[in-house]
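Chemist: sequence unknown, structure follows:
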């Protein structure tokens, strides 16, 4: 099985890596089936496959134990963590996997200033977010939503967008 001709390139439109064969001009989002994982790691450009930065949106519900229990909606948040979890579970049911509904609810209900951008936090790398949030964002595929995660800021649902 030859890896000849294959390389990894970055998509300008989607900002994710893809596989390109210089000889056949064939491209694919998925690794070529004829290559082993070791051969894929040895391809020119394979370093692009490492997740260095991700883009994510979130819907944050703060509670009285949050490190800063206030938001653009409420100057003094008094709800308990359990109440925040209950609220987020209701949002989760309403979202039902829809990125559009996620953005709509984040814009109306998120306790983060990112609500102005439908919860979009932009691109970030490792070490820029609280560890549970970072682990969730880097662990998701593009378009995938997390279950509820808890950080010092409150409880979140994360949507990986890039």
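Modeler: Sure, I can see it. These figures come from a predicted structure and were not determined experimentally.

Chemist: Give me the longest strand you can find in this protein.
Modeler: With DSSP state E applied, the strand covering the greatest number of residues in the chain is identified as strand 53-61.

Chemist: Give the buried residues for that strand.
Modeler: Of the residues in strand 53-61, those with enough neighbours to count as buried (16 or more other Cβ atoms under 10 Å) are 54-61. Every residue, glycine included, has its C-beta placed from N, CA and C.

Chemist: and what of stretch 111-125?
Modeler: When neighbours are counted by 16+ other Cβ under 10 Å, the buried residues of stretch 111-125 are found to be 111-112, 114-115, 118-121, 124.

Chemist: what comes up buried for the biggest helix by length in the chain?
Modeler: When every helix of the chain is counted residue by residue (DSSP state H), the longest turns out to be helix 81-95. For helix 81-95, burial by neighbour count (16+ other Cβ under 10 Å) applies to 81, 84-85, 87-88, 91-92, 95.

Chemist: Can you give the distance from it to the centre of its chain?
Modeler: Distance, stretch centre to chain centre, for helix 81-95: 19 Å (Cα atoms, centre = their mean, to the nearest Å).

Chemist: Give the rounded mean pLDDT of whatever helix or strand comes next after that helix.
Modeler: Once the chain leaves helix 81-95, the next helix or strand it forms, by DSSP states H and E, is helix 99-109. Across helix 99-109, the average pLDDT comes to 96.
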